[in-house]
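A.B. asks: Okay, here's the prediction I keep looking at, along with the sequence it came from:
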Amino acid sequence: MTSAKAPATASSPVSFRGPFLLLLAALASTSVYRHLKAGPYSPPSCQIFRYDCPTYPVSGRVAKGYEGVLEEFKGNFEDGEEVGASFFAWKDGKPVVELTGGFFDTTYSTPYTEDALQLVFSSSKAVAGIAVATMVSKGAFEYSDRIADYWPEFAAGNKGNVTIADLMGHRAGVTFLDPERAPTAKDILDLDSFAETLAQQPHNFGGETRGGYHAVTRGWYINELVRRTDPKKRTLGEYIKEELAGPLDIDYYLGLDESLHHRVSPLVSYPPLHMVFGLFAPTKWQKEPLPASLVDALLKTHTVGHKALIASGPTHPWYEMWPKPYNRPEIWSGESPSFGGITNARALARLAAVMANGGKDPVTGLVLIDEKTIEKALTPLPVLWDHVMGAHLPFATGGWGIIKHLVHGQEWVGWAGAGGSMIWWNREQNLAFGYVMNAVKLQALGDKRSWRLIKAFLEGVDIASGRPVVDRVVGDTKHVEAAPPPV
Ligand SMILES: *[C@@H]1O[C@H](CO)[C@@H](O)[C@H](O)[C@H]1NC(C)=O
C-alpha cells in the first residue's frame, strides 16, 4: 500500500476562520430574530432585509363612517400579517364593509380578488347550523328528535338516545372516531360506505353526555341525517347549493366541482420557526401565544383533544403539516361540513346578515328560517366543560357558539375557523360580518387581524349612527378557566 501524500489544501488559518464563523452566527441569529419579530407572512427578503416588500392591492368599498375599517385592513397587510384576505360586514340589513385584498398565493403576484374561494375550516360549522335550522323550519325534523329515529344504525354503541341538539351542541359522544375508522379523503367520497363506518363508532363516553368539541366529525353525521330526512334525499352540499347559495346568489360549496378548483386560494402555512417558537418558547416572550389546548392536542397523543382535532381524519401522510393536506383537490371534492366549506367573506357575511335579521334575508325578503325555529335554535344548551377545548363552551341549540368575550360585554352568535376565519352576528344591533384569509394563524377565536377589523367595524357603527365612539375591548379571549374536572 502506497501512501500518497495528501495535496496541500488551502485551509483558512484559524485566525481568519474564527471571526468569519462569528460573523456568520451573528448574521444567522439576526436573520432569525428579524424573521420572528416581523409579521409572519411577508416574503423573507422583506422580513430580513426590508428588500422587495410587496405593495398589497385592495379592492372594494366602505360606507360613510366605516373608513377606519379600510385603514386597519390595509394595516394587516403592511404589518406582514396577511397574504390574501377579505372582510365583509352588514348593519341593519345593508352591507357597510366589502373589502378584499392582498395576494392569491405566496408568489405575491396574482391579486386576491372577490373571485377567490377559500376553505374556511370550522367557520363551515356555522353554515351547516344555518342549513340545519332551515330544515327544522321546513319541518324535516326537530332538534329534540333522536338521530336513531331517522338513522337506526346510529343507535349502535350506546348512541340510541343521542338527539340532534346533542350533535349540534358537540355533546353527541362522537367527538372523535377511533383510529381504524378515521377516513382518508377518498373514503369521504363514498357517503353510503362512510355512513356505515360513522354509525358503528361507539359513543366516546359510554353513553354519558359530555362536552367534547366535534371538531371534524359533526358535519359528517349531519350530512347523513340530511340525506335521510331531506324529501329530495340531497346531501348537505347539494341542499345548501339549491336552498341557500342559489337563492342568495352566493358562493358556498361542500364538494367543490372541479371546474371551480382553480379559484381556490391555497392556504399558507404558519412559518415553521414561528411554530417551534410558539410551541416551546416561554409564553411571556410571545406576541400571540398558542392556546394551551392546542399545544396539548399537538404534543399529547393520548388526549381527547388530539383524538378529536388531529386523529379523526381525514388521514394524510405524516410529513404533510397542517394545513397543507387541505390544499389537495380531493379534500375540496369531498363533503366535510365541519371543516371543508369553500366560500368567501361575501357569502359568510350575507348568511350572518340573514341570522342577524331573524332568519329573513334582508335583500330578497326570503324567509329562510321562521321565527319559531329561530327562537328554538338560539336557545342556549346547558353549558358543559369541553374536554377538547379545555373550557366551558356555551352553545345554542342550533349549534353556534354564543360568546360574550370576543367583544367585551356584547353577545355574538356564530363560529370561527382554525387559522382565523370568522362568521358572527348580533341580533340586538342587527350586525353581521364574515372574514376569510389564506394565511393561517394558530389561535382559538380569531386573532389580532380579525380583532382589529371588528373593533374598527364597531367604531364605524358608532360613527355612522352619530354616537360617541366607544373604546371597546375586542379579542380579550384570555379568560382564565378552572382546571377540567377528572374524566
Ligand atoms: C336511554 O334512555 C333510557 C331512558 O332514560 C335509559 O333507560 C337508557 O339506558 C338510555 N340508553 C343509553 C344507551 O344510554
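C.D. replies: Ah, there it is.
A.B. asks: For the longest helix belonging to the chain, which outside residues touch it?
C.D. replies: Secondary structure of the chain read by DSSP state H shows that its longest helix is helix 14-37. For helix 14-37, the external contacting residues (CB atoms under 8 Å, 6 or more residues apart in numbering) are Ser12, Pro44, Gln47, Ile48, Pro271, Leu273, His274, Phe277. Every residue, glycine included, has its C-beta placed from N, CA and C.
A.B. asks: Let me see the contact set for the residue lying closest to Asp145 once chain neighbours are set aside.
C.D. replies: In space, and not counting its chain neighbours, Asp145 is closest to Ile164: 5.5 Å by CB to CB, 6 or more residues apart in numbering. When contacts are counted by CB under 8 Å, 6+ apart, Ile164 touches Val132, Phe141, Glu142, Tyr143, Ser144, Asp145, Arg146, Ile147, Leu225.
A.B. asks: of those, closest to the ligand?
C.D. replies: Distance to the ligand across the contacts of Ile164 (CB to the nearest ligand atom) is lowest for Arg146, with 9.1 Å.
A.B. asks: chain center to stretch 232-248, what's the gap?
C.D. replies: 22 Å (CA atoms, centre = their mean, to the nearest Å).
A.B. asks: got it, and stretch 296-313?
C.D. replies: That offset, for stretch 296-313, works out to 17 Å (CA atoms, centre = their mean).
A.B. asks: what about that stretch, start to end distance?
C.D. replies: 18 Å (CA to CA, to the nearest Å).
A.B. asks: Give me the average confidence score over it.
C.D. replies: Here stretch 296-313 scores 90 as its mean pLDDT.
A.B. asks: quick one: buried residues of that stretch?
C.D. replies: The neighbour-count check on stretch 296-313 (16 or more other CB atoms under 10 Å) flags 296-298, 303-313 as buried.
A.B. asks: next one: stretch 267-286
C.D. replies: Of all the residues in stretch 267-286, those buried under the rule 16+ other CB under 10 Å are Leu267, Val268, Ser269, Tyr270, Pro271, His274, Met275, Phe277, Gly278.
A.B. asks: Verify the contact between the first one and Asn438 for me.
C.D. replies: Yep, that's Leu267 we're talking about. Yes: between Leu267 and Asn438 there is a contact under CB atoms under 8 Å: 5.7 Å.
A.B. asks: Check the buried residues of stretch 267-286 against Lys324 and report the nearest one.
C.D. replies: Here the nearest of the buried residues of stretch 267-286 to Lys324, counting by CB to CB, is Ser269; it sits at 6.5 Å.
A.B. asks: need the contact list for that closest one.
C.D. replies: Applying CB under 8 Å, 6+ apart, the residues near Ser269 are Met321, Trp322, Pro323, Lys324, Val440.
A.B. asks: count of neighbours near the fourth one?
C.D. replies: Think Lys324. 14 (other CB atoms under 10 Å).
A.B. asks: Disregarding residues adjacent in the polypeptide, which is nearest to it?
C.D. replies: Using CB to CB, 6+ apart, the closest residue to Lys324 is Ser269 (6.5 Å).
A.B. asks: what does the third one give?
C.D. replies: Leaving out its chain neighbours, the residue that sits closest to Pro323 by CB to CB, 6+ apart is Leu267, at 4.3 Å.
A.B. asks: Can you verify Ala133 is assigned to a helix?
C.D. replies: Yes: Ala133: assigned to a helix according to DSSP: H, G, I helix; E, B strand; the rest coil.
A.B. asks: and it, how many residues sit next to it?
C.D. replies: 27.
A.B. asks: how close does it sit to Ala63?
C.D. replies: 29 Å (CB to CB, to the nearest Å).
A.B. asks: Can you name the residues of the chain that neighbour the ligand?
C.D. replies: Asn158, Gly160, Asn161, Gly207 (CB under 6 Å from any ligand atom).
A.B. asks: per-residue pLDDT, the second one?
C.D. replies: I take that to be Gly160. At Gly160, pLDDT is 98.
A.B. asks: Need the phi and psi values for Phe395.
C.D. replies: Main-chain dihedrals, Phe395, degrees, to the nearest 10: phi -120, psi 150.
A.B. asks: Three-state assignment for Trp220, please.
C.D. replies: Under three-state DSSP, Trp220 falls in the helix class.
A.B. asks: Against Asp178, how distant is Gly399?
C.D. replies: For Gly399 relative to Asp178 (CB to CB), the value is 24 Å.
A.B. asks: Neighbour count for these two, which is higher?
C.D. replies: Neighbours were counted for Gly399 and for Asp178 using other CB under 10 Å; Gly399 has more, 26 against 14.
A.B. asks: From the chain's centre, how far out is stretch 321-330? Work that out for me.
C.D. replies: Counting by CA atoms, centre = their mean, stretch 321-330 comes out at 14 Å from the chain centroid.
A.B. asks: May I ask which helix or strand encompasses Gly278?
C.D. replies: Assigned by DSSP states H and E, Gly278 falls within helix 272-280.
A.B. asks: Residues contacting that helix, please?
C.D. replies: Contact with helix 272-280 is made by 32, 35-36, 40, 270, 285-286, 288-290, 295, 298-299, 321, 442, as judged by CB under 8 Å, 6+ apart.
A.B. asks: could you check the angle helix 14-37 makes with that helix?
C.D. replies: Here the directions of helix 272-280 and helix 14-37 differ by 80 degrees (axes from the mean of the first three to the mean of the last three CA atoms, to 10 degrees).
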